[in-house]
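Visitor: What follows is a predicted protein model with its sequence.
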Amino acid sequence: GEDVEQSLFLSVREGDSSVINCTYTDSSSTYLYWYKQEPGAGLQLLTYIFSNMDMKQDQRLTVLLNKKDKHLSLRIADTQTGDSAIYFCAETPPTGANNLFFGTGTRLTVIP
Amino acid sequence: DTGVSQNPRHKITKRGQNVTFRCDPISEHNRLYWYRQTLGQGPEFLTYFQNEAQLEKSRLLSDRFSAERPKGSFSTLEIQRTEQGDSAMYLCASSLSGAEGYTFGSGTRLTVV
């Protein structure tokens, strides 16, 4: 089955860049997503990338996709305390099914 | 439209009781999803509706779980004979085409005591 892996924790200083990494197993995934979850809240879609792209930038967010290594990363420039949250990557399954497979999430802590 | 709305936000129930959660998706979204999230984990897919048709169900959706979307708008998720292992956050999401990602609600946190 699909297996999306992320490191559990990341701490950065305010103003530095954060890089959150994700590896996935299904090379036929068509879309890959990054979601943010703040305490007690649902998930907020941050950005997504189509599998035929290798980079996407959206303001402070940069997504890099390495299909050969099945590696996805999210870079947050000029990290702010409001960026402290859990970040999930997710992939679409190969079968054309309509659900997403999520990683276990990376808890980002921004130190003032 | 204020996004995806879920009620109640929290539910505490005794083991063996039945519970029902409601989800109101974004009005123009024809796709609706239910996920379950336990502590320290990512969301796990439960079921998917396109309009009123339930098109996919996860093996996590045991026979104690039933979901409906009778008119293709709001949806309900019922859990019968709750067990302590059902304690989790139940998340609803909706989308228009799926490819652009989902909009999630804030979830219903279920605690079975």
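Guide: Sure, I can see it. Residues are numbered from 1 along each chain as shown, chains lettered A, B, ... in the order given.

Visitor: Whichever residue of chain A sits closest to chain B bridge partners, please.
Guide: Relative to chain B, the nearest point of chain A is A:F102 (3.2 Å; CB to the nearest CB). Backbone N, C-alpha and C define where each C-beta goes, glycine included. Beta-bridge partners of A:F102, counted by DSSP bridges, are A:A90.

Visitor: Show me the strands in chain B, by range?
Guide: Here chain B has its strands, by DSSP state E, at B:5-7, B:10-13, B:19-24, B:31-37, B:44-50, B:53-57, B:65-68, B:75-79, B:88-95, B:103-104, B:108-112.

Visitor: list the contacts for the residue nearest the centre of chain B?
Guide: Nearest residue to the geometric centre of chain B (CA atoms, centre = their mean): B:W34, 3.5 Å. Contacts for B:W34 (CB atoms under 8 Å, 6 or more residues apart in numbering or on different chains) come out as B:C23, B:L46, B:T47, B:Y48, B:A67, B:S75, B:L77, B:Y90, B:L91, B:C92.

Visitor: Out of those residues, which are close to chain A?
Guide: Contacts with chain A within the contacts of B:W34, as defined by CB under 8 Å from any CB of the partner chain: B:Y48, B:L91.

Visitor: and the residue nearest to A:H71 when sequence neighbours are not counted, how many neighbours?
Guide: Closest residue in space to A:H71, ignoring its immediate chain neighbours: A:T23 at 5.5 Å, by CB to CB, 6 or more residues apart in numbering or on different chains. Using other CB atoms under 10 Å in any protein chain shown, A:T23 has 17 other residues around it.

Visitor: Near chain A, which residues of chain B are found?
Guide: Contact residues, chain B versus chain A (CB under 8 Å from any CB): B:4, B:6, B:31, B:33, B:40-45, B:48, B:50, B:55-56, B:58, B:91, B:93, B:98-107.

Visitor: For chain A, what lies in contact range of chain B?
Guide: A:4, A:30-31, A:33, A:35, A:40-45, A:48, A:88, A:90, A:97-105.

Visitor: quick one: contacts for A:N52?
Guide: Contacts of A:N52 by CB under 8 Å, 6+ apart: none found.

Visitor: I'd assumed it was in a strand, is it?
Guide: No - the assignment for A:N52 (DSSP: H, G, I helix; E, B strand; the rest coil) gives coil, which keeps it out of a strand.

Visitor: Ignoring the adjacent residues along the chain, who's closest to A:L72?
Guide: Distances taken as CB to CB, 6+ apart place A:C22 nearest to A:L72, at 4.4 Å, with adjacent residues excluded.
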